[in-house]
Every structure is written in C-alpha cells, then in structure tokens.
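Engineer: quick one, fold the following:
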Amino acid sequence: MRPADIAALVAVGDPRVTPDGGMVAFTVTSVDMEANEYRSRIWIVPTDGSEEPRPFTAGEHRDAKPRWSPDGRRLAFVSHRDDDGSQLFVLPTLGGEPQRVASWPEEIEDLAWSPDGERMAFSARDREEDRYGQKKENDQPPRRITHLQFRLDSVGWTVDRPRHLFVVPADGSTEPASVTTGEYEDGGLAWSPDGAWLAFTAGRHETWDLDFGVDLFVVPATGGGEQAVERLTVTGPAYGAPSWSPDGTGIAFVRDDLRSAPRHPQIGVVDRATGQIRLLTASLDRNCSPYPPAREPLWRGDDVLFLVDDGGNVHLYRVAADGSGKPELVVGGVRQVGAFDAALGTLAYTVTTPNELPELYVQVDGEERRLTDLGRAFSETHALASPQRFTATSPDGTEVEAWLMRPVGFEEGGRYPALLNIHGGPFTQYGNRFFDEFQAQVDAGYAVVYSNPRGSSGYAEAWGRAIRGPTAEDDPGSGWGGVDYEDLMAVVDAALARSPFIDPERLGVLGGSYGGYMTSWIVGHTDRFRAACSERSCNNLLTMEHTSDIAGSFRTEMGVSHLDDPEEYRRESPITYVSEMNTPLLILHSEADLRCPVEQAEELFTALRMLGRTPEFVRFPGESHELSRSGSPKHRITRLEIVLEFFGRHLAP
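Structural biologist: Now for the predicted structure:
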C-alpha cells in the first residue's frame, strides 16, 4: 500500500436491520479525490444472502445514518445535498423519490423513529442566529464564557452552539420542534416504547465543567420547557448512550467516572420508576465502550448487547439486563467488531482484521455469514501484511502484548529498518484491525512494531491506571513517561531479540497525540532511535491544562491540579528534557487542533532550533486533531508521504 492508495479505501459501517430481520441497510464510505472529500451512500442487502448488496441512494453526496421505520416500509437517512448543514430524508423501501423531511444548518447527529412511525427525533447543534447569521465575523457580538470546555476539536465553538433534541413529523409537514433548550450539551436520545418520552444525557448542574458529571434525563417528546425535564440519576459519574427497554421499565446506559481517569466504562440499567442503578459488567474488568464509540447498548429481548476492548480485539457481548448472569461472548475472534444492530433473530455487525477492510456480517441462529466483499478489489491488488503477536517482559517483570509486521518483499538474510508505532489515548489500544499507516510502512520496506503498554485499554483496569500520577490519592502510578516508557523499550528489545533481520542501527519511532507525547519523551531520554516523528503531541502538560478544548481534565489522570503541583506537570512534560533531544525529529501538527493546540508543536520546535538542532516542522492548515483519521484525503496522503520520506532519508541503508 502506498500513501496515494488512501484514495481507494472503502469502509462499510452503521448496519441497521429491518424490523422483520430480513434486510440490512448500511453505509459505504469512499474517497472523491477530485473534490478532496469523502462520499458515502446507503446500501441494502438481504440477510439470507439471496441477493448481492446494492446501492440504495445515489452516493453523489454524503448519505448516512440509515434508520428503518417501525414497519420497515420507509428508510430515513441524513444527507448533505446543500452547501451548508444537513438534511433529513425519508425514502420508501419499494422505490420512489426521497422526501425531504427537514433541513438543519448544522450536522444532524443522533436520529431515531418514534415507535408509531409518525415522528422522528434527532440531536443537532442549535446556533445563535444573531451571531451566525452575520456574514462578517467582526460583525458578530462577543462571546461570554462562564464554564470550561467551551469549544470542541473538529466541532469548533460550542458555547453558542449547544447540542439539543428536536422532534419533526415524519412527513415533514411542520418544522422541527425543540424539545430541550438552554446552554447544556444534550447527548444521545432514546424513545420510550409508548412514544411519550425521550431519554438523553447532559451535565445540567452548575459545576459540570469541574466535576465532569453527566446525568441521565427524560423529557416529554412534546417538550414542555426546562421544568418538564426529569433527572433519573444521582450526579457524580458520567452517563451516556441511553437505550430504552422494550417494556419501558428500564433504560440502559454506558457509565464512566471521569473524576478519576481512566476507569472502565460499564454497562448498566436504571429503573425508570425508582431510579435504582444496576451495573451489569463489573465482573468483566474490561473497557465496555471502545474508541471510537459504535452505538448505544442494544436491547435484544431481556439482554443488552455491547462492545468490549479485549487484548487488541473488539468483541460483542451480551448480558442479562436484570443482573442475573455474567456477560457472555457473542462475536469473538482475532478481529475487531464495529457497529452492530439486531432485530428478531438477526444480528448484523461489521468486522475488520489487520489485512481486511471493514465488511458486513450477519449471525442467524448462531451461524455467521459474510454479506459484503467490497474491499476485495483493494486486497487483491495490494500486498497486505499480517502481524505476528509476541510478548515482551518489562524490567519489573510485567508482560506486554505486542505485534510485528514484516516488510513487504521480506527475504531471509536481509536486514531491514524498523518503526516503533505508539498509539494515542493513552487509554486506547492497537490491535487486530486494518490500519492504512502500518500497511504503507511495510510496503516502504520497514518492519513495523506496535504494542499496548501500560496505560492502554483492552486489559484489566489496573493496567490502564498504572500511569496515573505518583501523587494521586487513589491508585498512584508512575505518571506518563514511567512504566509505559519502560514497556515500550522492552518491546523494542524483544522485537530485536526475536527478529534478527531488524537492523538495530536503523530504528525509528513515531506516534500521534499521546503517541506523539511518548515519541517526544523517548527522544529526550534515549538516543537509540535514528529518527523520530512526533505528531499532534502534548509536549507541555502544564500549558495543555489550560489551552486544550478539554482544559481542566488532565488532573483526573495526574491525580493533582496543575495549580497545586506545577512541578509534577513539568516533570512529566517532554519539553523539560528538550536539551537532551539529539534525535532528528519531524514535528507534524494541525493548525486547527483544539485537543493538543498547535502551540505545543511550536514550543518544541522553537526550543530545539534555539539549541541549534535541526527539527523539521510541518503544519497542516484547516485540519483538526483527527487529521490522520478523517482529515481531507489530500492532506492525509501528503502527511503519509512526508512521514515516509523523512524516515527514508534517515533510515536508508
């Protein structure tokens, strides 16, 4: 795979099963290089495999979020057929023209039919028109900010564009009506079975920005103002992704505790009448809300379906909603399950492996069937590598899971450079999924090494919490740059020991976000790598705590505020060790990155240059923290070309 092959990638996603279980609608996303945009269209396929998958919408725009009506005769979807905003359409499943139900100046996010099929609810950002109605930015009124987290990476300002819930008739006979209002960020939505209520989550107390509490609420689907909103949970943890039970007595949710991060998000159910909480997944000791989120917990009879990070894999589990049993594996294997849906006896889900793009599968009566093969043209025309799993032993005896990919064209007796890749997060995981960057690296002649050091998800909660700050009152750890650094160096040592074809004099290291942090940290603590690429990095944790879009949240992992212990933030910051950085360094950053603002890269580059070093700094205009994953196609290709060209200069024979 070459960088330009990003243009040929296709991805299957967001499957939705008809109420009778006989058909699946799903999205297929591709790249339009001429327009430098992504296109997506809705496809459908019978679940029995009797017919080939076929497109259901034209695909000239971005069509997404397919949602079947309760009777299965109509399919709603969100499209982008105007220059601004998004539109909600309904299309008869037997054919005909799509009917525009609503238009909105912002992205329509969550979307759900009412149980009677007469209405649809959606969530979207609600603009202040006296501001966004102005053509010139300097004609806009000033912003008044009273809480932290007033903007969001890849989204922009949120303080004057809060996300609310809306309801619109399914025939589009009237404009969408606001169900929730105020300055709050309302997330998720679920209809009650009788169609009278909507469940959602939000932080609606004064200190939501300081304690990160998010509660579960219900509100009449007809609205009724703030006085009609009813809180079901006790403020403290963060509740998300509500999902109403078929009998209306309970609401499933994902619960995290952001006051002391990281914690394993848990699946639970709240009793609608009493407010009693049942957590259902504590015995699993795994992250029950993998990144990126796929969907809310899904009811299937008396059980709830959900995804789990597990040692580089993502698996689908079920658990009894009454708490009577332990979680059970439904879809496993050496692979990652993505979005999923179920109706009657049919379960649909997407699957990806290290050398296969995401495809659609169904499970009927316990038997698995693959329904799409849209990535075959790509896989048959490209030499895609498969990883070999191995373990490394850290200095304290801890075993670390890792993987190695051999370079394309590998020959016995050859000597090859290697690249250590470090994932972001840190509470995420590398694993058994297709990753374009790894494939491009092996094609360029590199052995690729990656792992899940302590701090990663996919293992016991203690594994993720091992790098909490050393002064934390609960579960103190090594801090960032502690045992995680030791684990990564052990992985390199183990890779060299088991793979004599790797040239120890031609090692490179790279990563983005926390992976960029760790790359910067590594080159400040060892000279064993000949070249390094630090991307969208957090290099100064002290300044990050007040410049990031999630300002104020780093203390939940550090265990102490930057106001109370600035020296600990400095100790854990790569910039503190800049004078020890001698490795040739490529610094990549997006100019519109709000998660790790571009000043993080500027500070590192300036310091290195003033020390007489030769860093290379590449800035991408108009891109956010998500450049490598969902940035513009041309920038993604250019970025990968720059990375490979840089390492080619420094690691060539």
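
Engineer: can you give me the strands in the stretch 1-150 of the chain?
Structural biologist: Under the criterion DSSP state E, counting those that start in this stretch, strands of the stretch 1-150 of the chain are mapped to 11-17, 23-32, 37-46, 54-55, 64-68, 74-79, 86-92, 99-104, 108-113, 119-125.

Engineer: could I get the average pLDDT for the fifth one?
Structural biologist: What that stands for is strand 64-68. Taken as a whole, strand 64-68 carries a mean pLDDT of 98.

Engineer: got a list of contacts for the helix or strand of the chain with the lowest mean pLDDT?
Structural biologist: Using mean pLDDT, DSSP states H and E, helix 129-132 stands out as the lowest-scoring helix or strand of the chain, at a mean of 86. With Cβ atoms under 8 Å, 6 or more residues apart in numbering as the test, helix 129-132 has contacts from 105, 140, 141, 160, 161. All C-beta atoms are positioned from the backbone trio N, CA, C, and that covers glycine.

Engineer: surely the last one meets residue 124?
Structural biologist: No. Applying Cβ atoms under 8 Å as the test, residue 161 and residue 124 come out as separate, 9.5 Å apart.

Engineer: now the common contact residues for the two.
Structural biologist: Residues touching both residue 161 and residue 124 (Cβ under 8 Å, 6+ apart): residue 106.

Engineer: between the two, tell me which one has more neighbours.
Structural biologist: Neighbours were counted for residue 161 and for residue 124 using other Cβ atoms under 10 Å; residue 124 has more, 24 against 21.

Engineer: quick one: the strands in the stretch 251-400 of the chain?
Structural biologist: 266-271, 277-279, 298-300, 303-310, 313-320, 328-331, 336-343, 346-353, 356-364, 367-370, 388-393, 399-405.

Engineer: show me the domain layout of this protein.
Structural biologist: Following automatic domain parsing, one gets these domains for the chain: 1-62+344-382, 383-651.

Engineer: just the ones you listed: most buried one?
Structural biologist: Of the domains of the chain, the one with the most neighbours on average (mean count of other Cβ atoms under 10 Å) is domain 383-651, at a mean of 20.

Engineer: what's the helix or strand for residue 503?
Structural biologist: strand 502-512 (DSSP states H and E).

Engineer: next structured bit after that strand?
Structural biologist: With DSSP H and E, the next secondary element past strand 502-512 is helix 514-523.

Engineer: point out where the chain drops to low pLDDT.
Structural biologist: Counting by pLDDT under 70, the chain contains low-confidence ranges at 653.

Engineer: give me that answer again for 90
Structural biologist: Residue ranges of the chain with pLDDT under 90: 58-61, 82-84, 94-97, 128-135, 137, 224-226, 366, 652-653.

Engineer: would you map the helices across it?
Structural biologist: Under the criterion DSSP state H, the chain contains helices at 129-132, 208-211, 376-380, 436-443, 461-464, 483-498, 514-523, 541-547, 555-558, 566-571, 599-610, 627-630, 633-651.

Engineer: looking at those helices, which is closest to residue 451?
Structural biologist: Counting by Cβ to Cβ, residue 451 lies closest to helix 483-498 out of the helices of the chain; the figure is 4.5 Å.

Engineer: what residues does the closest one touch?
Structural biologist: Contact with helix 483-498 is made by 390-396, 398, 400, 402, 404, 418, 420, 422, 426, 447, 449, 451, 453-455, 466-467, 477-478, 502, 504, 507, 518, 521-522, 525-526, 528, as judged by Cβ under 8 Å, 6+ apart.

Engineer: please state the offset of it from the chain centre?
Structural biologist: Taking Cα atoms, centre = their mean, to the nearest Å, the mean C-alpha location of helix 483-498 is offset from the chain mean by 27 Å.

Engineer: which ones are touching residue 285?
Structural biologist: Contact partners of residue 285, counting by Cβ under 8 Å, 6+ apart, are 264, 460, 461.

Engineer: quote the end-to-end distance of stretch 432-439.
Structural biologist: Using Cα to Cα, to the nearest Å, the end-to-end distance of stretch 432-439 comes out at 13 Å.

Engineer: now do that stretch: distance to the chain's middle.
Structural biologist: 16 Å.

Engineer: could you do stretch 90-109 as well?
Structural biologist: So, by Cα atoms, centre = their mean, the centroid of stretch 90-109 is 26 Å from its chain's centroid.

Engineer: what residues does it touch?
Structural biologist: Contacts to stretch 90-109, defined as Cβ under 8 Å, 6+ apart, come from residues 56-57, 65, 69, 72-78, 82, 84-89, 120, 122-127, 132, 161, 163, 168-172, 175-176.

Engineer: got the CA positions of that stretch in CSV?
Structural biologist: Only the C-alpha atoms of stretch 90-109 are listed here, as CSV (Å, rounded to 0.1, in the frame of the first residue of the first chain):
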residue,chain,number,x,y,z
VAL,A,90,-37.3,9.5,4.0
LEU,A,91,-37.3,7.1,1.2
PRO,A,92,-40.0,4.4,0.5
THR,A,93,-38.3,1.0,0.5
LEU,A,94,-40.3,-0.2,-2.5
GLY,A,95,-38.9,2.7,-4.6
GLY,A,96,-39.8,6.3,-5.3
GLU,A,97,-38.3,9.7,-4.7
PRO,A,98,-36.8,10.6,-1.3
GLN,A,99,-38.9,13.1,0.6
ARG,A,100,-37.1,15.9,2.4
VAL,A,101,-38.4,16.0,6.0
ALA,A,102,-36.1,18.7,7.5
SER,A,103,-33.1,20.8,6.8
TRP,A,104,-30.7,22.0,9.5
PRO,A,105,-27.8,24.4,9.4
GLU,A,106,-25.6,22.0,11.5
GLU,A,107,-24.9,18.3,11.4
ILE,A,108,-27.9,16.1,12.3
GLU,A,109,-26.3,13.6,14.8
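
Engineer: pull out the buried positions in it.
Structural biologist: 90, 91, 93, 98, 101, 102, 103, 104, 105, 106, 108, 109 (16 or more other Cβ atoms under 10 Å).

Engineer: which of these sits closest to residue 274?
Structural biologist: Closest to residue 274, out of all of those and judged by Cβ to Cβ, is residue 109, at 30.5 Å.

Engineer: take the domains of the chain and write them to TSV, including distance to residue 195.
Structural biologist: Output for these, formatted as TSV (distance: least, Cβ to Cβ, whole Å):
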stretch	distance to residue 195
domain 1-62+344-382	16
domain 383-651	35
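
Engineer: wait, which of those is closest to residue 149?
Structural biologist: For residue 149, the closest of the domains of the chain is domain 383-651, at 6.2 Å, according to Cβ to Cβ.

Engineer: quote the end-to-end distance of that closest one.
Structural biologist: Terminal residues of domain 383-651 are spaced 22 Å apart (Cα to Cα).

Engineer: and it, how far from the chain's centre?
Structural biologist: Offset of domain 383-651 from its chain centre (Cα atoms, centre = their mean): 18 Å.

Engineer: then stretch 149-165?
Structural biologist: Centroid separation for stretch 149-165 versus its chain: 18 Å, with Cα atoms, centre = their mean.

Engineer: got the contact list for the closest residue to residue 80 other than its chain neighbours?
Structural biologist: Sequence neighbours aside, residue 62 is the residue nearest to residue 80 in space, at 4.4 Å (criterion: Cβ to Cβ, 6 or more residues apart in numbering). Each residue near residue 62 by Cβ under 8 Å, 6+ apart is listed here: 37, 38, 39, 40, 79, 80.

Engineer: residue 337: which of those residues is nearest?
Structural biologist: When the contacts of residue 62 are compared against residue 337 (criterion: Cβ to Cβ), the nearest one is residue 40, at 20.2 Å.
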